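Undergrad: got a sequence here, can you build the structure:
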Amino acid sequence: MPRLSLLSGGVAASALLMMGAVPAIAGKAERARSAIDQAKAKVDAADKVGASMNTPGLTARADAALARAQEDLKSGHKEDAFDAATQASELADTAIGQAQKSHAEQLHAAQNNAAQTGAAAQAAVDSANQRADAATQAANDASQRADAASQAASAAAEQAAAARATPAPTTTTVTTHTTAHKARVVRVPAGSTTNTTVTTTPATTPQ
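TA: Next comes the predicted model:
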């Protein structure tokens, strides 16, 4: 009877130990699966943000760690699966951080480039406006000069017309012809009285 009691007690104790071990084993498996699911989600997120382009080495290592965790879980190595999944998550987090940093730097560079391009475009617009203003001013000056020339031409034309309408002054030319005649002297003998007569014939003006 005592031996039976001892055997029964041993079986009962073994059963209790086994019952306590089952939840522990189940807990490790669930913990490993949860870690693997988290690692897979982070690896997928890293792919979506383009981490494979910026940090291909990190993403490759994360993929390899995730695959190893899945194989360990299938093989029953639950702790190894958990450790591998944790490593995959850490690698994926690092890849995501570097990808975000790279994207931020690219965005900053793009914004600076856009600002510089915008400033250059504005400078070009301002220069074009200045040239247009100068051209407009030059056109206005030319128009004013053309108006002044047109007015001067009109005034000259009016003066010419007035000059043609005024009769030319009459010029009278007087020609005088003078004919000289020699005086005839008559000699009278001595002792007599001499009368000298000078006859002058008036000059005749030709008709």
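Undergrad: the longest helix in this structure is where?
TA: Counting residues, the longest helix in the chain under DSSP state H turns out to be helix 78-165.
Undergrad: which strands and helices sit next to it?
TA: Here helix 78-165 touches helix 2-48, helix 51-54, helix 56-74, going by 3 or more CB pairs under 8 Å, 6 or more residues apart in numbering; DSSP states H and E. From N, CA and C alone the C-beta is placed, and that goes for glycine too.
Undergrad: and the shortest one, which residues are buried?
TA: Of the residues in helix 51-54, those buried by neighbour count under the rule 16 or more other CB atoms under 10 Å are 51-52, 54.
Undergrad: and the residues you listed as JSON lines, adding distance to H108 and pLDDT?
TA: Formatted as JSON lines, these follow (distance: CB to CB, whole Å; pLDDT from 0 to 100):
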{"residue": "A51", "distance to H108": "19", "pLDDT": "81"}
{"residue": "S52", "distance to H108": "22", "pLDDT": "76"}
{"residue": "N54", "distance to H108": "15", "pLDDT": "79"}
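Undergrad: nearest to I96 among those?
TA: Of all the buried residues of helix 51-54, I96 sits closest to A51, with 5.9 Å by CB to CB.
Undergrad: tell me which residues are up against stretch 101-116.
TA: Under the criterion CB atoms under 8 Å, 6 or more residues apart in numbering, residues 49-50, 54 lie in contact with stretch 101-116.
Undergrad: okay, those residues in a markdown table with distance to D37 next?
TA: Below are the contacts of stretch 101-116 laid out as a markdown table (distance: CB to CB, whole Å):
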| residue | distance to D37 |
| --- | --- |
| V49 | 19 |
| G50 | 23 |
| N54 | 25 |
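Undergrad: pLDDT weak spots in this structure?
TA: Across the chain, the ranges flagged by pLDDT under 70 are 1-26, 166-207.
Undergrad: repeat the analysis, applying 80 as the threshold.
TA: 1-26, 52, 54, 103, 106, 113, 118, 160-207 (pLDDT under 80).
Undergrad: for A153, state which of the contacts of stretch 101-116 is nearest.
TA: Closest to A153, out of all of the contacts of stretch 101-116 and judged by CB to CB, is G50, at 76.5 Å.
Undergrad: for the residue lying closest to the closest one once chain neighbours are set aside, what are its contacts?
TA: Residue nearest to G50 in three dimensions, not counting chain neighbours: A99, with 5.7 Å by CB to CB, 6 or more residues apart in numbering. A99 is in contact with 46, 49-51, 53-55, counting by CB under 8 Å, 6+ apart.
Undergrad: and if we set it to 7 Å?
TA: Taking CB atoms under 7 Å, 6 or more residues apart in numbering, we find A99 in contact with 46, 49-51, 54-55.
Undergrad: how near is K28 to T117?
TA: Taking CB to CB, to the nearest Å as the measure, K28 falls 59 Å from T117.
Undergrad: please say which of the two ends up with more neighbours.
TA: Between K28 and T117, counting by other CB atoms under 10 Å, K28 is the more crowded of the two (17 against 10).
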